[in-house]
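Predicted model and sequence below, questions to follow.
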Amino acid sequence: MSRRIHLDAVGGVAGDMFVAAMLDAHPGEADDTLATIRAAGLPQSVALEVLPHRDHTLTGTRFAVDLSEETGGEDHTPYRELRARLNDSDLPANTRDRAQDIFARLAAAEGAVHGIDAADVTLHEVGNWDSIADIVGAAHLIEARGATSWSVSALPMGSGHVKSAHGDLPLPAPAVVELLKGYALHDDGRKGERITPTGAAILAHLAPVQDGAHGPGKLGECGIGFGTKQFPGISNVLRVLELEGTPTAFAEDRVAVLSFEVDDQSPEDLAVGLDNLRALDGVLDVLQAPAFGKKGRIAAQIQVLAREHAREAITAACFSETTTLGLRWEIKRRAILRREETGGVKLVTRPGGVKTAKADIDRLADSESGHAERMARRRQEEDDALGGEGDND
């Protein structure tokens, strides 16, 4: 059964609002969530509370992180140090990976805003223990719920300025703008910070769809998470709605598609450059096709598929590794068949229940008898993986 979680940004999106909304929908997850946050290394002097809360309109939950005076606020944490701290923590592997990805997106956005490499970024307010608790708590709850897809409403833009370690910043904050490129924003006339950097990074990690193209679903749990700010005439809440759908063989996410043409680089050198692109973190695939360019010149048409958060770094690498003077990029949705890997063989269940298998050809490269032996080994490995129940003809 597929599960989609919809985020309704009534008041906005922040890390504490996300955790609160998820725990309001699933209060039984509170103890495990707090224990997981502690496993990230939070001092005992940092108090964590899940509290019932209501305003004059709605009832829900607040997630509060109280920093004692003795703890202080480690609000100037180098990203390298934060990454190492999480790697050395006792967090479950999947939760740690999600938290690392959220922080990596934050660092990449801050680096893009300030013109420095993500690895050299110092996270200021986001380096504080409360933001660490929000992100680790969010990572745990995302993993625990196991949603097959996420969606989000149009996001409130907000306006005005917010104080930061870099001085007063316009709203939405520059890092938030960087993280939310491609998403629909609306201005409801209410000033203030509506989307925080932590909230934007969580959204970027989830890559929720926003165009309303969703299949039918049966409404399940609902949760309301309150933020700390108050806005006139509206509850400052994030609402989560869980919808159970019909079983599906595929998931959806978003990828960056970069494309350009090259007509003045030697084939040998271009091959080296494209191999270097393929080796980059965040690159999913690099495709090359022949084309005719201006003046009838034979050209190579290049398409790079990449993780959305890595787009800017990969754009820079395209300019470094090839002679192109410009490229086009767009963010596209894609459907992906679910897959599992066993013994170097990738297994996929296609719509209708048919299973197929594909052996990793690189593992067969040591076959000494050439093509015939490789293909025989490949068929045998695929048949073994399918156990006689698939269709690989």
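Noted; the coordinates are in hand.

rest of the way, CA atoms for contacts and neighbours
Fine.

Tell me how many other residues crowd the closest residue to residue 186 other than its chain neighbours.
Once flanking residues are discounted, residue 186 sits nearest to residue 156: 5.1 Å by Cα to Cα, 6 or more residues apart in numbering. For residue 156, the neighbour count with other Cα atoms under 10 Å is 23.

Distance-wise, check residue 156 relative to residue 14.
Look at residue 156 and residue 14: by Cα to Cα, to the nearest Å, they are 12 Å apart.

Find residues that contact each of the two.
Common contact partners of residue 156 and residue 14 (Cα atoms under 8 Å, 6 or more residues apart in numbering): 194, 195.

ok, back up a step: pLDDT score assigned to the residue nearest to residue 186?
The score at residue 156 is 95. That number is its pLDDT.

list the contacts for it?
9, 10, 11, 12, 185, 186, 187, 188, 194, 195.

repeat that with 6 Å
Going by Cα atoms under 6 Å, 6 or more residues apart in numbering, residue 156 touches 185, 186, 187.

What is the nearest of these to residue 254?
residue 185 (18.1 Å; Cα to Cα).

The nearest residue to that closest one once chain neighbours are set aside: neighbour count?
Spatial nearest neighbour of residue 185, chain neighbours left out: residue 155 (4.6 Å); criterion: Cα to Cα, 6+ apart. Counted by other Cα under 10 Å, the residues lying close to residue 155 total 23.

what do you get for residue 11?
Neighbours around residue 11, by other Cα under 10 Å: 26.

Cross-check the contact I'm expecting between it and residue 239.
No: counting by Cα atoms under 6 Å, residue 11 sits too far from residue 239 to count as a contact (9.1 Å).

For the residue nearest to residue 185, what are phi and psi?
phi -100, psi 130 (degrees, to the nearest 10).

same deal with residue 109?
Dihedral angles for residue 109 - degrees, to the nearest 10 - are phi -70, psi -40.

which residues sit in contact with it?
Counting by Cα under 6 Å, 6+ apart, residue 109 has contacts 175, 178.

Give me the pLDDT value at it.
So, for residue 109, pLDDT stands at 92.

Do you know the pLDDT at residue 124?
The model's pLDDT for residue 124 equals 65.

Kindly apply the preceding question to residue 211 instead.
62.

Same check on the one 5 residues further on?
At residue 216, the predicted lDDT confidence score is 65.

now the longest strand belonging to the chain, how far from the centre of its chain.
Ranked by residue count, the top strand of the chain under DSSP state E comes out as strand 250-262. Put simply, strand 250-262 sits 15 Å off its chain's centre (Cα atoms, centre = their mean, to the nearest Å).

For the protein, name the helix or strand with the lowest mean pLDDT.
strand 339-342 (a mean of 76; mean pLDDT, DSSP states H and E).

Strand partners (parallel or antiparallel) of that one?
With DSSP bridges as the test, strand 339-342 is paired with strand 345-349 (antiparallel).

For the protein, just list every one of the helices.
15-25, 30-39, 79-87, 93-114, 129-145, 174-179, 197-206, 267-278, 311-321, 371-386 (DSSP state H).

And those helices: which comes nearest residue 225?
Among those, helix 15-25 sits nearest to residue 225 (Cα to Cα), with 3.7 Å.

now for that closest one, which elements pack on it?
Packed against helix 15-25, as judged by 3 or more Cα pairs under 6 Å, 6 or more residues apart in numbering; DSSP states H and E, are the following elements: strand 59-67, helix 129-145, strand 218-226.

Identify each buried residue in the first one, please.
Buried positions in strand 59-67, judged by neighbour count with 16 or more other Cα atoms under 10 Å: 59, 60, 61, 62, 63, 64, 65, 67.
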